[in-house]
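A.B. asks: sequence first, then the predicted structure, then my questions.
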Amino acid sequence: MSAPPATPVAVRLGKDIQGHELAALLTAVGWGEHGPAEMARAIRAWPATVHARVPETGALVGYLSAFSDSVSSTWLGELVVHPDFQRQGIATRMLRCLESHWPGLPVTVSALGNARHFFIANGYQTPRAEMTVLFKKPSQSPTAPPA
Ligand SMILES: CC(C)(COP(=O)(O)OP(=O)(O)OC[C@H]1O[C@@H](n2cnc3c(N)ncnc32)[C@H](O)[C@@H]1OP(=O)(O)O)[C@@H](O)C(=O)NCCC(=O)NCCS
């Protein structure tokens, strides 16, 4: 028996995303619980966000956030697709939408786990020069006063 046809999904660049919608999507992919106000602040802060919705219901099933200096580089932030909608080309469409917003610029991402397969399938490459992802938690600051 063939698989049922995929539900149509509309992909758009824009900020019309509610904080509670993003919080629910992040929880659905296993990225923990987040407050709606905190998520609304994050959506506002990113220079570009892309959303994927089921037109019939308006349900948010995909989200991508990114920053660019619009001159030399674009950096991806979050990219998530609801588990019930994965492997239907939705993240690929969101990525293309973002890439066409800032055309002609290299795009960098720190890919988590299996997501690297998705980026490689979309033409992303490991840099020739060694690159290490580093981060610092505020409590690790060497200039912070002793507790
Ligand atoms: C990574 C993610 C965004 C991909 O979304 P998606 O809509 O399923 O991706 P697409 O359908 O556009 O995938 C396109 C191609 O990428 C590759 N791909 C996607 N997910 C893959 C996976 N988990 N393993 C291996 N290859 C994968 C496949 O080649 C796929 O084509 P195919 O389905 O015809 O084989 C989604 O799995 C997700 O939300 N994961 C959890 C959150 C996450 O890890 N985000 C990335 C943080 S950097």
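C.D. replies: Sure thing, it's come through. Note that this is a predicted model, so its numbers are computed, not measured.
A.B. asks: could you pull out the helices for the protein?
C.D. replies: For the chain, helices defined by DSSP state H occupy the ranges 19-28, 36-45, 90-101, 115-121.
A.B. asks: dump the ones you listed to JSON lines, plus mean pLDDT and mean neighbour count.
C.D. replies: For glycine as for every other residue, the C-beta is placed from the backbone atoms N, C-alpha and C. JSON lines is the format used below for those (pLDDT from 0 to 100; neighbours: other C-beta atoms under 10 Å):
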{"stretch": "helix 19-28", "mean pLDDT": "98", "mean neighbour count": "18"}
{"stretch": "helix 36-45", "mean pLDDT": "98", "mean neighbour count": "14"}
{"stretch": "helix 90-101", "mean pLDDT": "97", "mean neighbour count": "18"}
{"stretch": "helix 115-121", "mean pLDDT": "97", "mean neighbour count": "14"}
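A.B. asks: where does pLDDT dip in the chain?
C.D. replies: For the chain, the stretches with pLDDT under 70 are 1-4, 140-147.
A.B. asks: which bits of this protein sit near the ligand?
C.D. replies: For the chain, the residues found near the ligand under the criterion C-beta under 6 Å from any ligand atom are 29, 79-81, 86-92, 109, 111-112, 114-115, 117-118, 121.
A.B. asks: what's near enough to touch the most centrally placed residue in the chain?
C.D. replies: The geometric centre of the chain, computed from its C-alpha atoms, lies nearest to L79 (C-alpha atoms, centre = their mean), at 1.9 Å. Shown in contact with L79 (C-beta atoms under 8 Å, 6 or more residues apart in numbering): 63-65, 91, 94-95, 109, 115.
A.B. asks: tell me the bridge partners for it.
C.D. replies: Beta bridges link L79 to L64, judged by DSSP bridges.
A.B. asks: swap in A52?
C.D. replies: Note on A52: beta-bridge partners by DSSP bridges are V11, G62.
A.B. asks: number of residues surrounding it?
C.D. replies: 25 (other C-beta atoms under 10 Å).
A.B. asks: give me the distance between it and F85.
C.D. replies: For A52, the distance to F85 equals 8 Å [C-beta to C-beta, to the nearest Å].
A.B. asks: what's the overlap in contacts for those two?
C.D. replies: Common contact partners of A52 and F85 (C-beta under 8 Å, 6+ apart): 9, 61-62.
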